[in-house]
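Asks: Return atomic coordinates for the entry below.
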Amino acid sequence: MLRKALKKEKGATIFQMQKLTQLINKRLAFLQQIFSYLLVLTLMPLSLSASTYIETEANQEMRDAFLRIEKKVWKTTDRDFAKMLEELDDYPLVPYLIERKLLHNLKAKKAPQIRAFLEQYEGTVLENRVRRPWLRHLSKYNRKSLFLEFYRPIGDVKITCRFLRYQYEDLKSGQASLSEEELHQRTEKIWNVGKSRPKECDATFKHWLKSDALTEDIVLQRIEKAAKGGQHTLIPYLKTLLPSEKQYLADLWHSIRRAPSNVKYLNRFKGRYQAIEAEIASYAFGRLIWRDTKLALKLWPKAEKKFVFSQQQLGHITGKFAISLAIDDHSSAEQWAIKSEALNKDPEVLRWHMADLLRDRDWASLINLIEKSAPDLTADNQYQYWLARAYEQTGNKNKANELYAQLANERHYYGFLASARLDQPISLQNDPIRAEPNELAIILQMQSSRRAYELRALNRFHEARLEWRHLQSELDEKQKLLASVIASDWGWHDQAIFGFTRTGYLNDVDRRFPIAYEELMVKEAKRNRVDPEWAFAIARRESSFMSDAVSSANARGLMQVLPSTAKYLEKKRVSQRQLLNPKINAKLGNKYLRYLMDKLDDNAILATASYNAGWSRVKNWLPEDKAIEADLWIETIPFKETRNYVKAVMAYKQIYQKKFNQRQTDKQKEQGSVFNEVIDTQIPVSI
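Replies: Below you'll find the model as predicted:
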C-alpha cells in the first residue's frame with residue numbers, strides 16, 4: 001500500500017514530505033498493525049525461542065538491496081531515490097537511507113524536508129542523527145532564525161553556546177525565550193567546569209561577563225575544579241579574575257596540584273581565608289600520603305595545629321592515610337584506621353582495616369572489629385565470610401559453620417568460598433525468565449527493536465546498540481526484562497547481560513552466563529592447555545562477549561587484548577581491526593593466558609590478577625616472608641579493580657564449570673570445585 005501511495009504522488013520527490021508525510025504515517029500505522037498481528041501468529045508455535053525472527057532469503061534480499069541503495073544515495077536524483085525506496089517497502093532501515101540523503105550537501109533550503117523528518121522521528125535515535133549535524137550547519141553559517149526554530153538540547157556544548165549567544169542578543173529586544181536569570185544560570189553551568197571550553201563559547205561568555213553575573217565564589221569554585229583532576233593550566237588565567245587579595249589562593253591550588261609536597265611551605269598559607277586554605281591542605285595531604293608517606297606523616301602534626309579542618313576534611317585526610325598505610329603494611333595503619341572510623345563511616349577504610357588485620361592474622365582483633373562496627377557495613381557478605389574464618393581460626397567452629405551455611409546459599413564469590421569450606425556443592429539458584437509469545441511480540445514489533453535487529457544483522461553494532469538503548473526508554477520494567485530475553489535469544493549476549501544487570505534480575509544464570517562462541521573458545525583453550533571455563537570467565541568479565549568492545553586503554557575484542565600484547569605474542573604487528581575478529585582475539589587471549597601460566601608456575605589466581613594488572617606488578621604483590629592462603633592474598637591486593645576482577649573471574653569460572661559439569665553423562669566424572677582449589681592454594685613468596 002505504501003508503494004501505491006508513492007506512485008500516486010506523480011512527480012513528487014522523497015523530500016516533498018509535508019503532504020506526503022501524513023499519508024506515509026497512515027500507511028505505516030496500518031502496516032504496523034498488520035506486522036504485529038502476523039508476528040504474534042508466527043511466534044505462537046515457537047517453544048524454544050519465541051523471540052527469534054524467522055530468517056528467510058527475503059530478509060537477506062532486503063539487506064542486499066539496502067546496501068546497494070546506500071552506496072548510490074549521494075549519486076542519485078531525488079526522484080530516482082524515491083523509486084529505489086519502493087523495492088524496500090517497509091524495511092526497518094529505510095529511515096537511515098533518508099537520513100543519509102538529507103545530510104548530503106546540507107543547505108538552508110532543505111529545512112522543510114528536515115523539519116518533516118524530525119517531526120516523524122521525534123524522540124528516536126534518528127532524530128539526533130539529523131538534528132545535530134543540521135544545527136552545526138546552521139550555526140556555522142549563522143542562520144539564526146532557522147537555528148532557533150530547530151534547536152533542542154542535545155548535549156553538544158558548542159551548539160548550546162550558540163543558542164545562548166542568540167538568546168543574549170535577543171534580550172534587549174525582548175525576543176529571547178529565556179529570562180535573563182535563567183540565561184545566566186545556564187551559562188554559568190557551562191563555564192564553571194575544570195577544563196577549558198570550546199572557542200564557540202567565547203562570545204556567549206563575553207555577554208555573561210558584561211552582566212556582572214560572575215562572582216568571586218564562582219571563580220574560586222572553578223579554580224578548585226581545575227586543580228582537583230581538571231586542567232590545572234587554566235588556573236593562571238582564572239587567577240586574573242580574582243581581586244589581588246585572593247590571588248594567592250589560586251597560586252596555592254596550582255602549586256599543590258603540581259606537587260602536593262609544597263604543602264610543607266606552611267608560611268604560604270596566610271590564614272586570611274581559613275576555610276579555603278583548609279580545603280587546599282586537605283587536598284594536598286590526601287595526595288601526599290600516596291607519594292611520600294614519610295613526609296606526610298612528618299608534616300601532619302604541624303598542619304593539624306595550623307589549619308581549621310572541618311570534620312569532613314579530617315575524615316577525608318585520615319581515611320586517605322589509613323588506606324594508603326594499610327596497603328603499604330605500615331606499622332601505624334591500624335592507628336589511622338581507628339582515627340578515621342571515629343570520624344565517619346567510610347566502607348573502604350573499614351575494608352582496609354580488615355585487610356590489615358588479615359595480613360597480620362590477628363583473628364581476635366578482626367572479630368572485635370566486625371562485631372563492633374556498624375551493622376549496615378558489616379552485613380556485607382565479605383565481612384560475614386571473614387568473621388566465619390576468624391571464628392574458625394579461634395576454635396569456634398559452630399559459629400563459623402553457621403555463617404558459612406548462610407553464605408553457601410548465595411551465588412557469589414564468598415558464597416562459593418563458604419561452600420568449599422563446608423565441602424558442599426555450590427548453589428547456582430538458576431531461575432530463568434519465562435515469557436509469553438504475545439508479550440515478546442509487542443517488543444519485537446517496535447520500530448527501535450526492528451531497526452536494532454537489522455543493524456546487528458549488518459554488523460553495525462554501535463548503531464544497533466543505540467537503537468536498543470533507546471528501546472529501553474520505551475519499555476516498562478517487565479518489558480525491559482523481556483527485552484533481555486530477546487537479546488539473549490538473538491545471541492546478542494552483551495545486551496542481554498547488561499539488561500539483566502540494569503533490571504536487577506540476576507537469577508537467569510544461563511542467559512547471564514552464556515557459553516558463547518563455544519566451538520571457537522573451547523578449541524583455543526584446549527590448544528593452549530587452558531581450562532575452557534577459565535577462558536569463558538575471562539571473556540565474560542572482560543567484554544560480556546561484545547566482540548567489538550574497546551576499552552579506554554585500547555584493549556579490544558572478546559578477551560580485551562591490547563595491541564602491544566598481541567604484537568609480543570605473535571612477534572609481529574596485529575592490527576586493531578584484526579583484534580575485533582573473534583577468531584583472532586580468542587586465539588590471542590588464550591595464548592596470553594598460557595603465557596601467564598608459564599610465567600607464574602601454573603597458578604591460575606596469580607595469572608588472573610596478571611591478566612588485569614600485568615604479571616610484573618603482580619609479582620611485586622607477593623608475600624615477603626612466607627606463603628599465604630589464596631583467599632587472604634586476594635583480599636589484600638592493592639588495586640581495587642584487580643581485587644574485584646579476581647573475585648569475579650573466580651566466581652564466573654565456578655559458574656561455567658558447573659554449567660559444563662551439568663552436560664556430563666553419568667559415566668563421565670565431574671571436575672572438582674574451583675573454590676576447593678582456591679582454599680587449597682598457597683600464594684608463594686616468590687616465583
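
Asks: switch to C-alpha atoms for all contacts and neighbour counts from now on
Replies: Will do.

Asks: Restrict stretch 333-350 to CA atoms and write it as PDB.
Replies: Extracted in PDB, the C-alpha atoms of stretch 333-350 (Å, rounded to 0.1, in the frame of the first residue of the first chain):
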ATOM      1  CA  ALA A 333      48.000   1.700  59.700                       C
ATOM      2  CA  GLU A 334      45.600   0.500  62.400                       C
ATOM      3  CA  GLN A 335      46.100   3.600  64.400                       C
ATOM      4  CA  TRP A 336      45.000   5.700  61.500                       C
ATOM      5  CA  ALA A 337      42.100   3.400  60.700                       C
ATOM      6  CA  ILE A 338      40.800   3.800  64.200                       C
ATOM      7  CA  LYS A 339      41.100   7.600  63.900                       C
ATOM      8  CA  SER A 340      39.200   7.600  60.600                       C
ATOM      9  CA  GLU A 341      36.500   5.300  61.800                       C
ATOM     10  CA  ALA A 342      35.800   7.600  64.800                       C
ATOM     11  CA  LEU A 343      35.200  10.500  62.300                       C
ATOM     12  CA  ASN A 344      33.000   8.900  59.700                       C
ATOM     13  CA  LYS A 345      31.800   5.600  58.300                       C
ATOM     14  CA  ASP A 346      34.000   5.000  55.200                       C
ATOM     15  CA  PRO A 347      33.400   1.500  53.800                       C
ATOM     16  CA  GLU A 348      36.800   1.500  52.100                       C
ATOM     17  CA  VAL A 349      38.600   2.400  55.400                       C
ATOM     18  CA  LEU A 350      36.800  -0.400  57.200                       C
END
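
Asks: How about that stretch, which residues are buried there?
Replies: By neighbour count on 16 or more other C-alpha atoms under 10 Å, the buried set for stretch 333-350 is Ala333, Glu334, Trp336, Ala337, Ile338, Lys339, Ser340, Glu341, Leu343, Asn344, Val349, Leu350.

Asks: List the residues that contact the spatially closest residue to the second one that is not a sequence neighbour.
Replies: Using C-alpha to C-alpha, 6 or more residues apart in numbering and skipping the chain neighbours, the partner closest in space to Glu334 is His353 (6.4 Å). When contacts are counted by C-alpha atoms under 8 Å, 6 or more residues apart in numbering, His353 touches Ala322, Ile323, Ala326, Ala333, Glu334, Ala337.

Asks: try Lys172
Replies: Contacts of Lys172 (C-alpha under 8 Å, 6+ apart): none.

Asks: related to what we said a few turns ago, make a markdown table out of the contacts of His353 and add distance to His232 and pLDDT.
Replies: Shown next, in a markdown table, are these (distance: C-alpha to C-alpha, whole Å; pLDDT from 0 to 100):
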| residue | distance to His232 | pLDDT |
| --- | --- | --- |
| Ala322 | 28 | 98 |
| Ile323 | 26 | 98 |
| Ala326 | 30 | 98 |
| Ala333 | 32 | 97 |
| Glu334 | 35 | 96 |
| Ala337 | 32 | 98 |
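
Asks: Pipe the residues you listed into JSON lines and attach secondary structure per row.
Replies: Listed next are the contacts of His353 as JSON lines, based on DSSP: H, G, I helix; E, B strand; the rest coil:
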{"residue": "Ala322", "secondary structure": "helix"}
{"residue": "Ile323", "secondary structure": "helix"}
{"residue": "Ala326", "secondary structure": "helix"}
{"residue": "Ala333", "secondary structure": "helix"}
{"residue": "Glu334", "secondary structure": "helix"}
{"residue": "Ala337", "secondary structure": "helix"}
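
Asks: and the residues you listed, which two are the farthest apart?
Replies: Using C-alpha to C-alpha, the contacts of His353 span at most 9.6 Å, a distance reached by Ile323 and Glu334.

Asks: follow-up on the earlier one: relative to Ala322, how far out is the residue nearest to Glu334?
Replies: His353 sits 8 Å away from Ala322 when distances are taken as C-alpha to C-alpha, to the nearest Å.

Asks: Overlap of the contact sets of these two?
Replies: By C-alpha under 8 Å, 6+ apart, the residues touching both His353 and Ala322 are Ala333, Glu334, Ala337.

Asks: Among the residues you listed, which one sits closest to Tyr283?
Replies: Ala337 (18.7 Å).

Asks: I'd say that closest one and Pro347 touch.
Replies: No. The pair Ala337 / Pro347 is not scored as a contact, 11.2 Å apart, by C-alpha atoms under 8 Å.

Asks: Would you map out the domains in this structure?
Replies: According to automatic domain parsing, the chain comprises the domains 2-189, 215-309, 518-683.

Asks: looking at the ones you listed, which one has the lowest mean pLDDT?
Replies: Among the domains of the chain, domain 2-189 carries the lowest mean pLDDT, at a mean of 79.

Asks: in the helix or strand containing Phe675, what's buried?
Replies: Here Phe675 sits within helix 674-680, counting by DSSP states H and E. For helix 674-680, burial by neighbour count (16+ other C-alpha under 10 Å) applies to Val674, Phe675, Asn676, Val678, Ile679.

Asks: before we move on, what about stretch 198-210?
Replies: Glu200, Cys201, Ala203, Thr204, Phe205, His207, Trp208.

Asks: Which element, helix or strand, includes Glu454?
Replies: Going by DSSP H and E, Glu454 is in helix 447-457.

Asks: Which secondary structure elements does that helix sit against?
Replies: helix 461-473 (3 or more C-alpha pairs under 8 Å, 6 or more residues apart in numbering; DSSP states H and E).

Asks: Contacts for the helix or strand following the helix it packs on next, please.
Replies: Using DSSP H and E, the helix or strand that follows helix 461-473 towards the C-terminus is helix 477-489. With C-alpha under 8 Å, 6+ apart as the test, helix 477-489 has contacts from 49, 51-52, 433, 435, 439-440, 443, 472, 493, 495-497, 499-500, 503, 505, 511.

Asks: Just the buried residues from the residues you listed, in PyMOL please.
Replies: Selection of buried members from those for PyMOL, criterion 16+ other C-alpha under 10 Å:
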select buried, resi 51+52+439+440+443+472+493+495+496+497+499+500+511
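
Asks: Now for the nearest residue to Leu178 once chain neighbours are set aside: which residues touch it?
Replies: Of all residues not flanking Leu178 in the chain, Gln167 sits nearest, at 7.0 Å (C-alpha to C-alpha, 6+ apart). Neighbouring residues of Gln167 by C-alpha under 8 Å, 6+ apart: Ala176, Ser177, Leu178, Leu183.

Asks: how close does Gln167 get to Ala281?
Replies: 41 Å.

Asks: For Leu428, I want the exact helix or strand it lies within.
Replies: Per DSSP H and E, there is no helix or strand for Leu428.

Asks: Residues touching the helix or strand encompassing Ala535, excluding its own?
Replies: In this structure, Ala535 sits in helix 532-543 according to DSSP H and E. For helix 532-543, the external contacting residues (C-alpha under 8 Å, 6+ apart) are 494, 513, 515, 521-522, 525-526, 545, 549, 557-560, 590, 645, 648-650, 652-654, 656-657, 660.

Asks: which non-adjacent residue is nearest Tyr168?
Replies: His207 (6.7 Å).

Asks: does the one you found really touch Asp170, like I thought?
Replies: No. With contact defined as C-alpha under 8 Å, His207 and Asp170 do not form a contacting pair (11.6 Å).

Asks: residues contacting Lys526?
Replies: Lys526 neighbours (C-alpha under 8 Å, 6+ apart): Pro532.

Asks: what's the spacing between it and Gly589?
Replies: The value you get for Lys526 to Gly589, if C-alpha to C-alpha is used, is 13 Å.

Asks: With Val509 instead?
Replies: Counting by C-alpha to C-alpha, the separation of Val509 from Gly589 is 24 Å.

Asks: do Phe309 as well
Replies: Distance, Phe309 to Gly589, by C-alpha to C-alpha: 50 Å.
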